Structures are given as C-alpha cells and as structure tokens.
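Engineer: Sequence and computational prediction follow.
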Amino acid sequence: MTNSPADLTAATHSARSLWRAEIAETIHLALPIAFTQLGQVAMMTSDLVLVGRLGDKAVAAAALAQIVLFVGFMLGMGLTSAVAPLAAQAFGAHEPRMVRRALRVGLWASLILGAPLLVIQLQGERILLALGQEPEAARLAGLYLAGLAWSMVPSWWFIAVRSFMGAVNRPEPALWITLAAIPINTLLAYALIFGAFGFPRLEMTGAGVATTLVNIGMCAAGFWVSYTQHPFRKYRVLGRFWRADWPLLWKLVVVGAPISGSFLLEYGLFASAAVMIGWLGTTQLAAHQIALQVAAIVFMVPLGISMAATVRVGQAVGRNDPASTRRAGFAAIGLAAGFMATMVILIVALRHVIPLAFLNAGEGDADATIMLAATLLTIGSTFFIVDGIQTVAAGALRGLNDTRVPMAFAAVSFWAVGFVASYALGFPAQLGVAGVWIGFTLGLVLYAVLLTWRFNVLTRRSYMPAVAHPQH
C-alpha cells in the first residue's frame with residue numbers, strides 16, 4: 001500500500017514541527033546557561049582589571065596562578081559535568097530519587113577530589129619555581145593561590161547544582177545567582193585588594209579570597225533555591241547527603257573522568273600553542289591573546305548549547321526514545337554551527353575594529369599587533385565554526401554517557417594532528433603565528449568531524465546506553 005500525497009505532506013509537516021519544537025526547547029534551555037557562562041567570564045575579567053592596578057608583575061602572576069588552578073579545576077569540572085547526563089536521564093525516566101542521587105554523588109566526588117588538590121594548589125609558589133618561573137612572579141602567584149585555591153570545591157558544587165537545575169529544565173536561577181554575584185565580586189575584590197571600606201589591604205591574596213567568598217555565596221544560594229523553591233524542592237537535594245552511594249559514584253567517575261581528560265587535552269593544546277607563539281615575540285603573543293579572547297567570548301554560546309544538548313539527549317535516553325535522542329543532538333549541532341557562522345561574518349567584517357577594544361592605536365607596537373590580530377581573526381573563521389560544532393557534539397555524546405571514545409578522539413585530534421601541525425606550519429614551514437593557528441584549527445576540524453560521525457553512528461542504529469540504575 002502506497003502513501004497518498006496528502007499523507008506524505010502531513011508526515012513532512014509533522015517532522016518539521018518536531019524539529020522546530022526541539023530547536024525551540026534547546027534555545028530555551030541554552031540561553032540562560034550561555035549567559036551564566038558569560039557572567040563567569042565577566043567576573044574573571046573584573047578580577048584581572050583590578051589586579052592589573054597592582055602592576056604588570058601582578059598581572060603576570062595572576063596568569064601563572066590561573067594556569068596552576070586551571071589544571072586542577074578541569075579535573076573536578078569533568079566529574080561534576082557528569083551530573084548533567086545522569087540527572088537528565090533520570091528526569092526523562094521519571095525517577096526523581098535518582099535525580100537527587102546524581103547530584104549527591106557529584107557533591108561527594110568534589111569533596112573527595114578537592115582535598116588533595118587543595119594541598120597541591122597551596123604549593124603553587126614551589127610548583128612555579130620548579131617550572132623555572134621568576135621568583136617574584138612565583139611568590140605573587142603563590143599569594144594569589146593562597147586565597148584562590150579554596151574556591152575550587154564551592155565552584156564545583158555550584159556547577160553540580162547548576163547541572164541539576166538544567167537537567168530538570170529550570171536553568172534560570174543559576175543565571176540570576178551569577179548576575180547578582182558579578183557586582184558583589186567586583187566590590188569585594190576591590191575592598192580586599194586595596195583595603196577599601198574598612199577591609200584589610202591584602203592585594204594578591206585579597207583577590208583570591210574575594211573569589212572564594214563569592215563562590216561560597218553562589219554555592220549557598222544555589223542550595224537555598226534548590227531546597228526551597230518550586231520545582232526543585234520536591235527532589236530534597238540534601239536528603240540523605242551523608243549516605244554513601246558507591247555504585248553511582250563509580251558510574252559518575254566512569255562517565256566524568258574521560259570528560260576531564262578531554263578538557264585537559266584540549267587545554268593543553270591551546271597552552272602549548274601560546275608557548276610556541278611566545279617564542280615568536282611579544283607582538284605575536286599579544287595578537288594571539290586578543291584573537292583567542294574574542295573566540296572565548298563567542299564560544300560561551302555554543303558552550304551553553306552543548307550543556308543543553310547533554311540535557312536534551314539525556315532526557316530522551318531516559319524516556320527510551322531513539323528518534324528524539326538523535327533529533328536533540330543534531331538540532332543542537334545545527335544551532336551552534338548557524339550561530340558561529342553568523343558570528344564569523346561579523347568578526348571578519350569588524351576584524352580591524354575589534355582589536356581597538358584591547359589596544360590604543362599608535363602606541364608602541366600597537367599598530368603591528370592590531371594588524372596581526374585582524375589577520376588571525378580572519379584565519380580563525382574556520383576555527384570558530386568547528387570549535388562550536390565540536391563542543392556541542394561532545395555535549396550530545398555525554399548525554400549518551402559516551403565519553404571514553406571522545407577522549408581518544410581528543411588525544412589524536414589535538415596532539416597527533418593539532419600540535420604536530422601547529423609546530424610544523426609555524427616553524428619548519430616558517431608561517432609563524434598564522435601557521436600555529438592553522439595547525440590547531442586542523443586538529444579541531446578533525447575532532448568535530450569525528451564527534452559528529454560518532455553521534456550519527458550511535459543514534460542511527462538506535463543505540464541506547466545502559467542506564468540501569470544501582471539500587472538505593
């Protein structure tokens with residue numbers, strides 16, 4: 001029996017409606033998450049501006065301290081990121097107790113990992129001296145870390161709470177908390193760095209203490225909202241908090257540890273690229289930092305879409321709905337590609353204007369830096385698009401609890417291809433900073449292709465990960 005033209009038209013309209021609905025739901029979920037990420041960037045930027053008033057050495061020390069902190073932070077961020085797919089799958093399966101348990105093991109994992117990492121962070125000065133940094137820069141970075149290191153666990157807890165909120169389709173409170181924290185962070189950092197409003201003058205240590213106190217406040221606000229406000233309170237997020245849940249904790253580690261590995265592999269590529277560009281000179285490094293900062297700001301939207309993709313895919317997995325699983329992933333990937341393509345058009349059109357936000361034309365080597373930054377923004381047009389695609393594809397795969405193979409893809413893409421190509425094009429081929437950018441872009445292209453291919457393969461054969469939950 002063949003379908004009539006009317007039946008085919010109705011089926012086409014129905015399919016289009018489903019895709020439109022999925023895109024709308026993803027946007028609704030992704031926007032608050034993206035703005036929350038932008039709020040985090042705003043806080044980091046305000047801290048750097050205030051620290052900059054202490055002098056160039058303070059800025060350099062803050063950069064070194066952030067490198068030490070970031071390595072440890074990414075380890076925990078991978079584990080807490082696993083809360084989102086586990087909680088989303090439980091939400092899709094209508095298992096509210098499992099939603100709570102997913103959050104609980106995320107909090108426990110943060111504590112268990114945070115204790116030894118805190119001890120390491122507090123040795124920041126010794127670590128940096130062992131890495132050959134200047135003693136004064138290492139000393140100032142150690143002072144910064146003395147206040148900043150304590151922020152890791154509350155930061156991870158807020159990420160876990162934020163993941164829980166997103167998993168139940170209510171990410172907005174995390175955004176309001178972050179927006180409220182921005183001016184508080186700025187005022188508190190100013191007071192503790194410079195001794196204003198009756199506070200002691202702690203300079204670098206004060207900057208770190210301010211960040212820690214604000215993160216503790218954000219974490220407390222997240223728990224308060226989760227425990228008292230609709231629709232979160234029915235989950236009783238702190239219920240039986242002290243009860244061990246080893247099977248689910250192990251599952252969180254199995255899903256989350258490869259996420260940490262992927263983060264570190266990607267971060268390592270960009271850190272090594274900065275080191276290589278530093279060999280070329282300060283003008284090249286400054287232009288690289290400007291172009292990369294633009295990329296980082298624009299990247300927050302695809303990152304929000306990625307987190308939304310994890311939730312939407314995870315919820316569909318929990319419902320045991322293969323068609324919705326596939327649709328959720330590809331709708332998010334398409335959204336990210338479309339957004340980044342639009343941003344590329346704007347960035348390329350404004351490539352000579354954007355660097356002026358960072359430098360004053362005509363001062364020192366500023367003109368050369370501005371021209372080089374404009375060139376990198378043009379070269380980076382492909383990088384921007386594939387970076388958006390890869391982060392969303394990775395988020396969609398996390399919704400399937402598929403994280404180990406993507407980590408292997410990251411190792412091959414970022415290091416066997418990206419790092420090797422960056423060095424070869426930048427130095428033996430003598431393309432300089434442009435060659436380094438082309439090299440790591442090639443790595444990102446491969447990573448995006450591999451991740452999208454894997455999501456397509458897994459969902460095309462109606463793959464559903466094992467989401468059987470450990471008994472309570």
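Structural biologist: It's in.
Engineer: give me the element the closest residue to Ala60 other than its chain neighbours is part of.
Structural biologist: The shortest distance from Ala60 to any non-neighbouring residue, by C-beta to C-beta, 6 or more residues apart in numbering, is to Ala137 (5.3 Å). Just so you know, the C-beta spots here come from the backbone N, C-alpha and C atoms, and that holds for glycine as well. Using DSSP states H and E, the element containing Ala137 is helix 135-148.
Engineer: now do Ala160
Structural biologist: Assigned by DSSP H and E, Ala160 falls in helix 152-167.
Engineer: Give me the distance between that helix and the centre of its chain.
Structural biologist: Put simply, helix 152-167 sits 13 Å off its chain's centre (C-alpha atoms, centre = their mean, to the nearest Å).
Engineer: any idea of the mean pLDDT for that helix?
Structural biologist: Mean pLDDT, helix 152-167: 94.
Engineer: gap between the helix holding Ala137 and the chain center?
Structural biologist: Worked out by C-alpha atoms, centre = their mean, helix 135-148 lies 25 Å from the chain centre.
Engineer: Flag every buried residue along it.
Structural biologist: Residues 137-148 are the ones in helix 135-148 that count as buried (16 or more other C-beta atoms under 10 Å).
Engineer: same deal with stretch 367-382?
Structural biologist: For stretch 367-382, a neighbour-count test (16+ other C-beta under 10 Å) marks 369-370, 372-377, 379-382 as buried.
Engineer: what's the answer for stretch 120-131, then?
Structural biologist: For stretch 120-131, by 16+ other C-beta under 10 Å, it's 121, 124-125, 127-129.
Engineer: And what about His94, helix, strand or coil?
Structural biologist: coil (DSSP: H, G, I helix; E, B strand; the rest coil).
Engineer: how about the strands in the stretch 1-150 of the chain?
Structural biologist: Here the stretch 1-150 of the chain has no strands by DSSP state E, counting those that start in this stretch.
Engineer: Low-confidence ranges, the stretch 351-472 of the chain, go.
Structural biologist: Residue ranges of the stretch 351-472 of the chain with pLDDT under 70: 359-365, 461-472.
Engineer: can you give me the helices for it?
Structural biologist: Along the stretch 351-472 of the chain, counting by DSSP state H, counting those that start in this stretch, helices occupy 366-399, 404-411, 420-426, 432-460.
Engineer: mind giving me JSON lines with those and columns for distance to Ala337?
Structural biologist: Output for the helices of the stretch 351-472 of the chain, formatted as JSON lines (distance: least, C-beta to C-beta, whole Å):
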{"stretch": "helix 366-399", "distance to Ala337": "5"}
{"stretch": "helix 404-411", "distance to Ala337": "18"}
{"stretch": "helix 420-426", "distance to Ala337": "23"}
{"stretch": "helix 432-460", "distance to Ala337": "9"}
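Engineer: which one of these is the most hemmed in?
Structural biologist: Looking across these with neighbours counted as mean count of other C-beta atoms under 10 Å, the highest average goes to helix 366-399: a mean of 24.
Engineer: ok, and Ile182, which helix or strand is that part of?
Structural biologist: Here Ile182, judged by DSSP H and E, is contained in helix 172-194.
Engineer: next structured bit after that helix?
Structural biologist: Next along the chain from helix 172-194, counting by DSSP H and E, comes helix 203-228.
Engineer: which helices and strands does whichever helix or strand comes after that next one pack with?
Structural biologist: Past helix 203-228, further along toward the C-terminus, the next helix or strand under DSSP H and E is helix 246-280. Secondary-structure packing of helix 246-280 (3 or more C-beta pairs under 8 Å, 6 or more residues apart in numbering; DSSP states H and E): helix 56-81, helix 83-92, helix 96-121, helix 282-318, helix 366-399, helix 404-411, helix 420-426, helix 432-460.
Engineer: Which positions within helix 246-280 qualify as buried?
Structural biologist: Neighbour-count burial for helix 246-280, with 16+ other C-beta under 10 Å as criterion, is recorded at 248-249, 251-253, 255-270, 272-273, 276-277, 280.
Engineer: Now find how far off-centre stretch 212-232 is within its chain.
Structural biologist: That offset, for stretch 212-232, works out to 20 Å (C-alpha atoms, centre = their mean).
Engineer: Tell me where the longest helix sits in this protein.
Structural biologist: When the chain is parsed with DSSP state H, its longest helix is helix 5-52.
Engineer: Once you drop chain neighbours, what's closest to Phe199?
Structural biologist: In space, Phe199 is closest to Ala191, 4.2 Å off (C-beta to C-beta, 6+ apart).
Engineer: number of nearby residues for the one you found?
Structural biologist: Ala191 has 18 neighbours, counted by other C-beta atoms under 10 Å.
Engineer: ok, it - contacts?
Structural biologist: With contacts defined as C-beta atoms under 8 Å, 6 or more residues apart in numbering, the neighbours of Ala191 are 197, 199, 206, 210.
Engineer: Buried only: go through the residues you listed for me.
Structural biologist: Burial by neighbour count, 16+ other C-beta under 10 Å: within the contacts of Ala191 this picks out 199, 206, 210.
Engineer: closest to Met300 among those?
Structural biologist: Closest approach to Met300 among the buried ones among the contacts of Ala191 (C-beta to C-beta): Ala210, at 22.5 Å.
Engineer: Tell me the pLDDT of that closest one.
Structural biologist: The model's pLDDT for Ala210 equals 95.
Engineer: what's the spacing between Leu31 and Gly52?
Structural biologist: Shown here: Leu31 relative to Gly52, a distance of 31 Å by C-beta to C-beta, to the nearest Å.
Engineer: now Leu265
Structural biologist: 31 Å.
Engineer: With Thr391 instead?
Structural biologist: 29 Å.
Engineer: Please apply the same query to Ala366.
Structural biologist: Where Gly52 is concerned, Ala366 sits at a distance of 17 Å (C-beta to C-beta).
Engineer: cool, Thr80 as well?
Structural biologist: 30 Å.
Engineer: Comparing those two, which residue is more hemmed in?
Structural biologist: Thr80 (27 against 12).
Engineer: my guess is the more buried one meets Ala109, correct?
Structural biologist: Yes - with contact defined as C-beta atoms under 8 Å, Thr80 and Ala109 form a contacting pair (7.1 Å).
Engineer: Quick check: neighbours shared by those two?
Structural biologist: Gly256.
Engineer: what sits against the residue nearest to the spatial centre of the chain?
Structural biologist: The chain has Leu303 as the residue nearest its centroid, 6.2 Å off, counting by C-alpha atoms, centre = their mean. Leu303 sits next to 33-34, 37, 391 when contact means C-beta under 8 Å, 6+ apart.
Engineer: what's the lowest-pLDDT member of the residues you listed?
Structural biologist: Gln37 (86).
Engineer: Show me how far stretch 386-394 is from its chain's centre.
Structural biologist: On C-alpha atoms, centre = their mean, the centre of stretch 386-394 falls 12 Å from that of its chain.
Engineer: Over to stretch 96-110?
Structural biologist: Stretch 96-110 sits 20 Å away from the centroid of its parent chain (C-alpha atoms, centre = their mean).
Engineer: Just the CA trace of it, in CSV.
Structural biologist: Backbone C-alpha positions of stretch 96-110 (Å, rounded to 0.1, in the frame of the first residue of the first chain) are rendered in CSV as follows:
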residue,chain,number,x,y,z
PRO,A,96,13.2,11.9,41.0
ARG,A,97,15.1,9.9,43.6
MET,A,98,17.8,9.1,41.0
VAL,A,99,18.0,12.8,40.1
ARG,A,100,18.8,13.6,43.7
ARG,A,101,21.3,10.8,43.9
ALA,A,102,23.1,12.0,40.7
LEU,A,103,23.6,15.4,42.4
ARG,A,104,24.7,13.9,45.6
VAL,A,105,27.5,11.8,44.1
GLY,A,106,28.6,14.9,42.2
LEU,A,107,29.0,16.7,45.5
TRP,A,108,30.8,13.8,47.1
ALA,A,109,33.2,13.5,44.2
SER,A,110,34.0,17.2,44.5
